[in-house]
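Colleague: okay, predicted coordinates and the sequence, questions at the end:
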Amino acid sequence: MEIEELQATWNQISEELEKQKKLTNEIILKMTHKNYKDKLNKIAIPEKISAVFTYVVAAILLLRFYELDTLPLQICGVITLAILIVLPYFSLKYLSDMQNLNVSQLSYKESIVKHEKSKQRYQRFLKFSVYAGFVLMLIIIPVASKIFNGDDIFTEPQGNFWYWFLPLGLVFYYLFTRKIIGCYDSNIKKAGMILKELE
Amino acid sequence: MDRECEFVQVIKANEGVIFKITTIYTDNREDQQDLYQDIVYQLWKSFDSFRNESKFSTWMYRIALNTALTRIKKNKRKGHSVAIDRVVLAQTEYYNTAFEDRIKMLYAHIQQLNIVEKGIMLLLLEGKKYDEIAEIIGMTSSNVGTRISRIKEKLKSQMVK
């Protein structure tokens, strides 16, 4: 298929679409009155749900923070709180930055540049979240153990808990996040290539 | 004529154009319909800001392409499939397997292009002059010319393969 043939096929499609117009005034007005953005932003729904869940956990931790009565537990508690509060906030912020461009003011090129930069930033953030998730997985155990069971893992003997949990956690995390990290890296690289092309 | 009536007329006159843009930037019917609605919504939201400083079509393509750009969802596993009913709504006088094959091939070629090239290619197929493409995309006309030559080369090499 030559370029001219592509053009001819496109023209045929255009002609057919002209003949098959089917939008009514009512349908168009309905589209102008209803904000379909939320429907299209369903990609952010899992992030929104996890943010609510995370903030509930953070609120519980905050309310019972006084139960963390030793310095190591308090340090773990503060880091846990920081991760639980900061990660969902930035996740939603970066997602929204990526989707909310001023579509009427920017040129296509400017939109691509903004969009790809936001995408790169979001992918870097997701990569960081994977590492932060690992830290959270480790430090939330003493915190949760103290708050929900009254056990202080740091002072009370826990058998071989840290001996098997830490290496097992590392292996689990490595296996399950290797592909995800690779995917984020590839997306960052692709966005970088587009930005470079537009420089 | 009030603004709503004016807007309805504009959309009716350009419904085919919006349809073609949504076909290129989505990979299934549901996303296509959502994008169509969002483009109309964004056009309506910005309709009052259109001040005849540029051609209406320039303004419309810019908003439609920018909206499409921010709504792209990647679904690599499924790939980009174009069913005939997603491109042309009903059985047509052209409708035959050869036409369907040509449409599929056309979209397959467009999907090989990156996001910048895709926008330029769409406008080129729409019969836009270099100047207008440059205004919509936000590049100089000579830059658009260079990129179109590259796109043609790229498509040619795809066709040879």
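Modeller: Thanks, I have the structure now.

Colleague: what residues are up against the residue of chain B at minimum distance from chain A?
Modeller: With CB to the nearest CB, the shortest gap between chain B and chain A falls at B:Gly138, namely 2.5 Å. C-beta coordinates here come from the backbone N, C-alpha and C atoms, glycine included. When contacts are counted by CB atoms under 8 Å, 6 or more residues apart in numbering or on different chains, B:Gly138 touches A:Leu106, A:Ser107, A:Tyr108, A:Lys109, A:Glu110.

Colleague: quick check, pLDDT for it.
Modeller: On pLDDT, B:Gly138 comes in at 92.

Colleague: ok, and the closest non-adjacent residue to it?
Modeller: Leaving aside its sequence neighbours, B:Gly138 sits nearest to A:Ser107 (CB to CB, 6 or more residues apart in numbering or on different chains; 2.5 Å).

Colleague: ok, back up a step: looking at the contacts of B:Gly138, which is nearest chain B?
Modeller: So of the contacts of B:Gly138, ranked by how close each gets to chain B (CB to the nearest CB), first place is A:Ser107, at 2.5 Å.

Colleague: ok, that closest one touching B:Ile136?
Modeller: Yes - A:Ser107 is in contact with B:Ile136 according to CB atoms under 8 Å; the separation is 7.0 Å.

Colleague: low-scoring pLDDT stretches of chain B, where are they?
Modeller: B:1, B:51-53, B:72-96, B:159-161 (pLDDT under 70).

Colleague: for it, which helix is longest?
Modeller: The longest helix of chain B (DSSP state H) is helix B:3-25.

Colleague: helices or strands next to that one in the packing?
Modeller: In terms of contacts (3 or more CB pairs under 8 Å, 6 or more residues apart in numbering or on different chains; DSSP states H and E), helix B:3-25 is packed against helix A:3-19, helix A:25-33, helix B:29-46, helix B:56-70, helix B:97-111, helix B:115-125.

Colleague: nearest to A:Ala144, out of those helices?
Modeller: helix B:56-70 (39.2 Å; CB to CB).

Colleague: quick one: is the closest one near chain A?
Modeller: Yes - Helix B:56-70 lies within reach of chain A by CB under 8 Å from any CB of the partner chain, at B:Trp59, B:Arg62, B:Ile63, B:Leu65, B:Asn66, B:Thr67, B:Leu69, B:Thr70.

Colleague: past the lowest-mean-pLDDT helix or strand in chain A, which element shows up next along the chain?
Modeller: The least trusted helix or strand in chain A, going by mean pLDDT, DSSP states H and E, turns out to be helix A:37-40, with a mean of 52. Counting by DSSP states H and E, the next helix or strand C-terminal to helix A:37-40 is helix A:45-63.
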